[in-house]
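Peer 1: quick one: sequence and predicted model below, then my questions.
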Amino acid sequence: MTMQDVRSMTDDQLQDNLLKLKKEQFNLRFQQATGQLENTARFSKVRKDIARLKTDMRRRQIEKQGS
């Protein structure tokens, strides 16, 4: 997921994707704790995608307050 993808999403899509990624992050943590995790690189990708979504959500919030 790139920032271009994130910026093209609506507010509802951002919320939905954020919820989906947080659930995936929880599941990855659970898999790691039980020793079932195979792709450890997915951790950082999910974490970075969450950060991208939150960053754009905050940017939109600031723009709304400024206008």
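Peer 2: Yep, that arrived.

Peer 1: and the contacts of the strand or helix carrying Lys22?
Peer 2: Counting by DSSP states H and E, the element that carries Lys22 is helix 11-33. Defining contact as Cβ atoms under 8 Å, 6 or more residues apart in numbering, one finds that helix 11-33 is touched by 1, 6, 9, 37, 40, 42-43, 46-47, 49-50, 53-54, 56-57, 60. Heads up, the C-betas are built off the backbone N, CA and C, glycines and all.

Peer 1: same question, stretch 43-57
Peer 2: Here stretch 43-57 has contacts from 1, 3, 6-7, 9, 11, 14, 17-18, 21-22, 24-25, 28, 32, using Cβ under 8 Å, 6+ apart.

Peer 1: switch the cut-off to 7 Å
Peer 2: If you take Cβ atoms under 7 Å, 6 or more residues apart in numbering as the criterion, stretch 43-57 is touched by 1, 3, 6-7, 14, 17-18, 21-22, 24-25, 28.

Peer 1: sorry, back to before: now, the most widely separated pair of the contacts of helix 11-33?
Peer 2: Leu37 and Arg60 (33.4 Å; Cβ to Cβ).
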